[in-house]
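Participant: Let's see this in three dimensions:
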Amino acid sequence: MATHEYLEQGHEELKHVSDTELCSTYAALRDECQPTEAGTYHPNLQKLCGSAFEREKDRREVRRLVEQDPPPEMQAWYDEARRQPCVWWLDHHLVARHALKSCLSCGVCTAQCPAAQYYEEYNPRTIVDVALSRDEQRLIELLRSDVLWYCGQCGSCKTKCPRENNVMGLVSSLRFLSQLKGYHLASVRGRQQYAARHLWGANFWNRAFSLYFRNADASSHPDFGPRYARYWAEIEEQMRRVGATPDVSGDLGGKKVQPETLAELRRCVQWGGTLVLWQQIEEHAQASAVRSGLTIDEYYDKVRSEG
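Facilitator: Here you go, the predicted model:
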C-alpha cells in the first residue's frame, strides 16, 4: 500500500497492519517535508490530525506502553482503584483527598461559577455535598450524570472559597474516577470524552500542545460569527499575517515540534499515569461500540455529534 493511502483508511481496514508498519508509516508521513521561505514545511500534519489513522496509531502506542512488563508504576494503583468503592477514591486520590477541608455551605462557589449561571441543574455546592456525604450510591449517580461535565475548570470557585476548598480539583478528580470505572458512558457528555481524548489528548501526544489551530473550524462553531468564518476561509494567509508559520518545524504552537521535545513530553505523560486512563477510556469505548453495533470509527463520529 502506498504510504498516503493510509490517510484514507479506517480502523477495520488498518487492523491487519502490524504495529511496526503503522507507527513507522505515521512517522514518515509526519516528517515528510518541503522547503519554503518560512522554513521546513510539513504538509501532512493537517491531514493526520484527527484522522482514523492517527487514532488507530495512538491506540496501539498507548496499549503497548501500558501493557509493558514491568508495568508502569501507577498501573497497580489504578487497578486497585477500579476494584474499590468510589468512597475509597475520596480517601486515596491525592487531589480528591486534599480538595475539601470543610464546607460552610455558604454558596460562594455556586455564586461565582459561570457554569452554574448557564446550567440551571449545575451547582458546585451540591457536588461538595455529595462528596462529604460519603454515600456510595449518590457518588455513583453523580459519576453517571452529565452534571459532572458542566464545569469549565476556570478556578473561580477555588479563589473565592473562604475555607480554601478546591471544588474545581474535586470535579477533575471525580471525572477521572468516572472514566476509570466506565460510569461516564451513562451520559452524553461523558461519552463525548472519548472524542476529547482523541482531540486534546492526541494533540498533546503527537503535536505537544492541546489545541491545534486547525481544530476549531467555522462550520462547527457558527457562534464564533462571520469574522471567524472569514478568518477560517483564509486561515493560511491570516496565520502568516500575525507572524505565525503553521506546520513548519519549530517549538511554538501550530508548528511541528522537534522530536526531542515530543519524546520528553511523552515520557512525562507516560510516567504520570495518563496513559492508564487513556487505555481505560479506549477499552470502555470499544465495549460500548460493540454493544451499540457500531465500529469504533462510527462510535467516534456518534459521540462527537450527539447532544
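
Participant: Tell me the secondary structure at the closest residue to residue 214 other than its chain neighbours.
Facilitator: Counting by CB to CB, 6 or more residues apart in numbering, residue 214 lies nearest to residue 46, which is 5.5 Å off, once chain neighbours are set aside. Glycine gets a C-beta too; all of them are placed from N, C-alpha and C. Under the three-state scheme (DSSP: H, G, I helix; E, B strand; the rest coil), residue 46 adopts helix.

Participant: Please tell me how far residue 46 sits from residue 245.
Facilitator: Using CB to CB, to the nearest Å, residue 46 is found at 14 Å from residue 245.

Participant: again with residue 12
Facilitator: 37 Å.

Participant: got it, and residue 236?
Facilitator: 10 Å.

Participant: of these two, who's got more company?
Facilitator: residue 245 (18 against 11; other CB atoms under 10 Å).

Participant: Nearest residue to that one in space, ignoring adjacent ones along the chain?
Facilitator: Using CB to CB, 6+ apart, the closest residue to residue 245 is residue 38 (4.4 Å).

Participant: In terms of residue numbering, what are the domains of this structure?
Facilitator: If you go by automatic domain parsing, the domain ranges for the chain are 3-75+193-305, 84-185.

Participant: quick check: mean pLDDT across the last one?
Facilitator: Model confidence over domain 84-185, given as mean pLDDT, is 93.

Participant: So what touches the strand or helix carrying residue 26?
Facilitator: For residue 26, the host element (DSSP states H and E) is helix 19-31. With contact meaning CB atoms under 8 Å, 6 or more residues apart in numbering, helix 19-31 is reached by 3-4, 6-7, 14, 17, 42, 44-45, 47-48, 53-54, 56-57, 60-61, 64, 206, 256.

Participant: do that again at 6 Å, thanks
Facilitator: 3, 6, 44, 57, 60 (CB atoms under 6 Å, 6 or more residues apart in numbering).

Participant: Next: stretch 131-146.
Facilitator: By CB under 6 Å, 6+ apart, stretch 131-146 touches 85-87, 130, 148, 178, 183, 186-187, 189.

Participant: May I ask which of these has the most neighbours?
Facilitator: Neighbour max across these (other CB under 10 Å) = residue 178, 25 neighbours.

Participant: Show the contacting residues for that one.
Facilitator: Residue 178 neighbours (CB under 6 Å, 6+ apart): 143, 184.

Participant: tell me which element it falls in.
Facilitator: helix 167-181.

Participant: Buried residues, the next helix or strand after that helix. List them.
Facilitator: Beyond helix 167-181 on the C-terminal side, the first helix or strand identified by DSSP H and E is helix 188-196. The neighbour-count check on helix 188-196 (16 or more other CB atoms under 10 Å) flags 189-195 as buried.

Participant: counting contacts, what elements does helix 188-196 pack onto?
Facilitator: helix 296-305 (3 or more CB pairs under 6 Å, 6 or more residues apart in numbering; DSSP states H and E).

Participant: Strands of the chain, start to end?
Facilitator: 34-36, 39-41 (DSSP state E).

Participant: out of these, deepest packed?
Facilitator: Mean neighbour count (mean count of other CB atoms under 10 Å) peaks for strand 39-41 among the strands of the chain, with a mean of 16.

Participant: what is the rounded mean pLDDT of that strand?
Facilitator: 84.
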